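1. sequence plus predicted model, see below.
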Amino acid sequence: PSAVVEPGARISPRSTIGALCFIGAGAEIGDGAVVAAQVHVGAGAAVGAWTRLNARVVLAEGCRIGERCIVHSGAVIGADGFGFAPNGGEWVKIEQLGAVRIGDDVEIGANSCIDRGALDDTVLDDGVKLDNLVQIGHNVHVGAHTAMAGCVGVAGSARIGRHCTAGGGAIILGHLELVDHVHITAATVVTRSIL
């Protein structure tokens, strides 16, 4: 009863909405989904069937997550990417107009952040696994069944292939491309595309 559900939200009667949740206008919560305590689901966002959002997850407006996913506590999906332009010695914010699209069977670790796209969406394909404290920048595309260990950082507009791995603390610079089946060891900095 302490949850706030805005008009137009579509919530399956077979889902669970925890205490102090917020469900925005036009949001969709699928069959069997679990939205735990203090979760924020923004306007127009969608949570697929049998997906679990643990306590204090944020799924921002317009972002979508597929079926059978698990998002651990404190993760933020759909915050603004690091989009600023220098102007007269100051930084001017560039509006981030995209969203985040997450496929099925994805798991996202605690306190990880996945930024919304600047124009197009940030995308995590089916079966992606992210450990805790992973940062995915705006407009990144992560291919199916790729796995990243704790504290991996992927800068904006990088494209990561399918079945890749990145060890703990690895960094992948922006606008690079990694083909399928690339394996990055812990604490590595990837500065060039791997094609």
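-> Cool, the structure landed. Numbers count the residues shown, from 1 in each chain.

2. tally of neighbours for Gly109?
-> The local packing of Gly109 (other C-beta atoms under 10 Å) involves 21 other residues. Just so you know, the C-beta spots here come from the backbone N, C-alpha and C atoms, and that holds for glycine as well.

3. repeat for the one 10 residues further on
-> When neighbours are counted by other C-beta under 10 Å, Leu119 registers 11.

4. list the contacts of Ile77.
-> 57-60, 63, 65, 71, 100, 102, 108, 113-114 (C-beta atoms under 8 Å, 6 or more residues apart in numbering).

5. again, but for Val154
-> 134-137, 140, 142, 148, 160, 166, 171-172.

6. ok, so of the residues you listed, who is nearest His183?
-> Taking C-beta to C-beta as the measure, His183 lies nearest Ala166 of these, at 8.0 Å.

7. right, and Arg162 touches His141 too?
-> No - using C-beta atoms under 8 Å, Arg162 is not in contact with His141; the gap is 10.7 Å.

8. so those two - more neighbours on which side?
-> More neighbours surround His141 than the other of Arg162 and His141, with 20 against 17 (other C-beta under 10 Å).

9. now, the most widely separated pair of the contacts of Val154?
-> Taking C-beta to C-beta, the two most distant members of the contacts of Val154 are Val142 and Ile171; they sit 14.8 Å apart.

10. centre of the chain to stretch 97-114, how far?
-> 2 Å (C-alpha atoms, centre = their mean, to the nearest Å).

11. how long is that stretch end to end?
-> 14 Å (C-alpha to C-alpha, to the nearest Å).

12. now do the buried residues in it.
-> Neighbour-count burial for stretch 97-114, counted by 16 or more other C-beta atoms under 10 Å, picks out 98-110, 112-114.

13. distance of Gly74 from Leu53?
-> Taking C-beta to C-beta, to the nearest Å as the measure, Gly74 falls 11 Å from Leu53.

14. between the two, which one's more packed in?
-> More crowded of Gly74 and Leu53, by other C-beta under 10 Å: Leu53, with 28 against 17.

15. next one: the more buried one from Ile136, what distance?
-> 17 Å.

16. hang on, His175 packs against Gly156?
-> Yes - under the criterion of C-beta under 8 Å, His175 is in contact with Gly156, at a separation of 7.4 Å.

17. fine, thanks again, bye for now.
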